[in-house]
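A predicted structure for the sequence below; I have some questions about it.
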Amino acid sequence: MRKLVTGALLALMMTVPGHAQKQQSQDEFYEQLDLLMRVLERVRSEYVDEVDDKKIVEAAIQGVLRSLDPHSTYLNPEVYEQVRVQIQGEYGGLGIEVQADKGVVKVVSPIDDTPADEAGVLGGDYITHIDGEAILGQTLSEAIKKMRGPVDTPVVITIVREGEPEPFDIEIVRRKIMVRAVRHRIEDETIGYVRVTTFNMQSGRLVEEAVNAIVDELGPDLDGLILDLRNNPGGLLNEAIRISDVFLDRGEIVSTKGRRRQNNNRWHATSGDLLNGIPMVVLTNAYSASASEIVAGALQDHRRAIILGDRTFGKGTVQSEIQLGRSGSQAIRLTTARYFTPSGRSIQERGVEPDIELLQPRQKGQRGKPRREADISGHITNDQQGLDRTGEKDGKATAKKISTTDPVTANTVQEPVDVQLRYAIKLLKNMSNLPKPQLAEARS
């Protein structure tokens, strides 16, 4: 047991060199490590019931990571395989992006056209029970495992929703989730619309294909393009960079800064904007997170697009998946850097402020204020709290606010009305009177 614990914890500690030494001497660190092993030995030998060695070691590792921030976590072999499958864009389950919060599971966002989305699960919901079993105190990995299962089998999740007086159950039938990362269409005859639901391994390529398809269909009649990042919880950093590069001709896209030199990087756009400067609007809301915020922040800083909607989630940290063990079948997801927009802004806690703030009317069943990164216990703080959305200290840059309804007191609407999309179309239509760049130049 001692050898097992020592090997596991030392492997973990080796991935964050110098962390303990800043707090105490190396000797003191090993004394604390020995204390932990003695505690585990007592648990193993004296706990009222026999314990599973592997389970308590994994719990100890998870405890180390949970103490850091909400996004650092341990991925055992089973969960790590599920994560890799999900990134590839196809897996079995309910279709929700979740994270641990306050000992239970918080829904970041349902994925479009999945069982959870169709059942009415909303971003900001808390899942407290799965099939009647409380998940308080369980790891996120354990909760995800319970929600997944054979296709066409039902699962009941208990939801706590802000503004609802009592928890309520939703029964969802599992099915194979094939994430449609990108979709596109034409709006109002001359406006291209591209919706990105997640940043997986296919997203960048699919956005390029979608933009090219719109250009081929409309040609010189294209008045503008809407990039919809609402309810997109993020994903792969390199895909966010690739998508930003589709619309930028030059300049920095994003930078990252961490404790280790290898985590300090800058990425720049390559020559060639597929739209050659044709006007763009990016739609965001409180559940546009992480990679979505990288794209929105880059296009905003370069004044390449107007950001319209609500302030984004505010997750401005980068997680690295570090494989452990000889087989590489398990890993830790560790926060290793903060990312910064081209102007040097950190999005952490604050999110991307829209250029035009326009809140959607509440739909039936939606109550309460959205919960963002800053509302999650243990989140990493932002050292740039004195800066506005352009990196200025004087706070001159403020969003233009468009009033549609009072989001707190207005009656909920029964049928969805996408006022943000409607306003974006109107805005681009009005801009169509300006001289239009030649698309041929962008695609030659």
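Perfect, thanks for sending it. The shown structure was predicted, so the numbers you read here are calculated from the model rather than taken from an experiment.

what's the helix or strand encompassing Lys257 packed up against?
Using DSSP states H and E, the element containing Lys257 is strand 252-258. Using 3 or more Cβ pairs under 8 Å, 6 or more residues apart in numbering; DSSP states H and E, the elements in contact with strand 252-258 are helix 237-247, strand 265-268, helix 291-301, strand 330-340. No exception for glycine: its C-beta is placed from N, CA and C like everyone else's.

The shortest one pairs with which strands, parallel or anti?
It stands for strand 265-268. Sheet pairing here is set by DSSP bridges, and for strand 265-268 it gives strand 252-258 (antiparallel).

Okay, buried residues for the partner strand please.
For strand 252-258, burial by neighbour count (16 or more other Cβ atoms under 10 Å) applies to 252-256, 258.

Switch those over to JSON lines; also include pLDDT and distance to Val295.
Shown next, in JSON lines, are the buried residues of strand 252-258 (pLDDT from 0 to 100; distance: Cβ to Cβ, whole Å):
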{"residue": "Glu252", "pLDDT": "98", "distance to Val295": "13"}
{"residue": "Ile253", "pLDDT": "98", "distance to Val295": "9"}
{"residue": "Val254", "pLDDT": "98", "distance to Val295": "9"}
{"residue": "Ser255", "pLDDT": "98", "distance to Val295": "15"}
{"residue": "Thr256", "pLDDT": "96", "distance to Val295": "15"}
{"residue": "Gly258", "pLDDT": "94", "distance to Val295": "21"}
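
any weak-confidence spans in the stretch 301-444 of the chain?
By pLDDT under 70, the low-scoring segments of the stretch 301-444 of the chain are 362-368, 385-416, 436, 438-444.

what ranges do the helices span in it?
Using DSSP state H, counting those that start in this stretch, the helices of the stretch 301-444 of the chain run over 419-431, 439-443.

which of these is buried the deepest?
Comparing the helices of the stretch 301-444 of the chain by mean neighbour count (mean count of other Cβ atoms under 10 Å), helix 419-431 comes out on top with a mean of 18.

who's in contact with it?
Outside helix 419-431, the residues that touch it by Cβ atoms under 8 Å, 6 or more residues apart in numbering are 187-188, 190-191, 193, 223-226, 228, 230, 279, 281, 283, 285, 306, 308-309, 356, 358, 360-361, 402, 404.

which of the helices and strands packed on strand 252-258 is buried the deepest?
Most buried of the helices and strands packed on strand 252-258 by mean neighbour count (mean count of other Cβ under 10 Å) is helix 291-301; its value is a mean of 28.

quick one, that helix and strand 330-340 angle?
20 degrees (axes from the mean of the first three to the mean of the last three Cα atoms, to 10 degrees).

tell me what helix 291-301 is packed against?
Here helix 291-301 touches helix 237-247, strand 252-258, strand 280-284, strand 306-309, going by 3+ Cβ pairs under 8 Å, 6+ apart.

again, 10 Å this time
The contact analysis (3 or more Cβ pairs under 10 Å, 6 or more residues apart in numbering; DSSP states H and E) places helix 291-301 against strand 191-196, strand 224-228, helix 237-247, strand 252-258, strand 280-284, strand 306-309, strand 330-340.

Out of the ones you listed, which gets nearest to Lys315?
Among the helices and strands packed on helix 291-301, strand 330-340 comes nearest to Lys315, with 9.5 Å by Cβ to Cβ.

CA atoms only: put that closest one into PDB for me.
What follows is strand 330-340 as a C-alpha-only set of coordinates in PDB (Å, rounded to 0.1, in the frame of the first residue of the first chain):
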ATOM      1  CA  GLN A 330      -4.500   7.700 -17.100                       C
ATOM      2  CA  ALA A 331      -3.900  11.400 -16.800                       C
ATOM      3  CA  ILE A 332      -4.500  14.500 -14.800                       C
ATOM      4  CA  ARG A 333      -6.100  17.600 -16.200                       C
ATOM      5  CA  LEU A 334      -4.100  20.400 -14.600                       C
ATOM      6  CA  THR A 335      -4.400  24.200 -15.000                       C
ATOM      7  CA  THR A 336      -1.000  25.200 -16.300                       C
ATOM      8  CA  ALA A 337      -1.500  28.700 -17.800                       C
ATOM      9  CA  ARG A 338      -3.800  31.700 -18.200                       C
ATOM     10  CA  TYR A 339      -4.600  32.900 -21.600                       C
ATOM     11  CA  PHE A 340      -4.700  36.500 -22.800                       C
END
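
list the contacts for the closest residue to Ala337 other than its chain neighbours?
Using Cβ to Cβ, 6 or more residues apart in numbering and skipping the chain neighbours, the partner closest in space to Ala337 is Gly258 (3.4 Å). Applying Cβ atoms under 10 Å, 6 or more residues apart in numbering, we find Gly258 in contact with 264-265, 317-318, 320, 335-339.

and which of these is nearest Thr198?
Of these, the one sitting nearest to Thr198 (Cβ to Cβ) turns out to be Val318, at 17.0 Å.

that older thread, by how many degrees do the strand holding Lys257 and helix 237-247 diverge?
In terms of direction (the same axes, to 10 degrees), strand 252-258 departs from helix 237-247 by 160 degrees.

of the contacts of helix 419-431, buried ones?
Buried members of the contacts of helix 419-431, counted by 16+ other Cβ under 10 Å: 187, 190-191, 193, 223-226, 228, 230, 279, 281, 283, 285, 306, 308-309, 356, 358, 360-361.

how near is Glu357 to Arg230?
14 Å (Cβ to Cβ, to the nearest Å).

whoops, I mixed them up, Gly163
The value you get for Gly163 to Arg230, if Cβ to Cβ is used, is 20 Å.

same question, Ala374
From Ala374 over to Arg230 (counting by Cβ to Cβ), the distance is 19 Å.

same question, Asp355
Here Asp355 is placed at a distance of 15 Å from Arg230 (Cβ to Cβ).

Asp101 too?
For Asp101, the distance to Arg230 - Cβ to Cβ - is 21 Å.

and Asp112, how many neighbours?
17 (other Cβ atoms under 10 Å).

Am I right that it is in contact with Met178?
No. Between Asp112 and Met178 there is no contact under Cβ atoms under 10 Å: 11.5 Å.

Now for these two: what residues contact both?
Jointly contacting Asp112 and Met178 under the rule Cβ under 10 Å, 6+ apart are Gly95.

ok, which stretches of the stretch 301-444 of the chain are strands?
If DSSP state E, counting those that start in this stretch is used as the criterion, the strands of the stretch 301-444 of the chain fall at 306-309, 317-324, 330-340, 356-357, 400-401.

May I see those organised as a markdown table, with distance to Ala210 added?
What follows is the strands of the stretch 301-444 of the chain, written out as a markdown table (distance: least, Cβ to Cβ, whole Å):
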| stretch | distance to Ala210 |
| --- | --- |
| strand 306-309 | 19 |
| strand 317-324 | 26 |
| strand 330-340 | 25 |
| strand 356-357 | 24 |
| strand 400-401 | 28 |
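
and of these, who's closest to Asp117?
Nearest of the strands of the stretch 301-444 of the chain to Asp117, taken as Cβ to Cβ: strand 306-309 at 19.0 Å.
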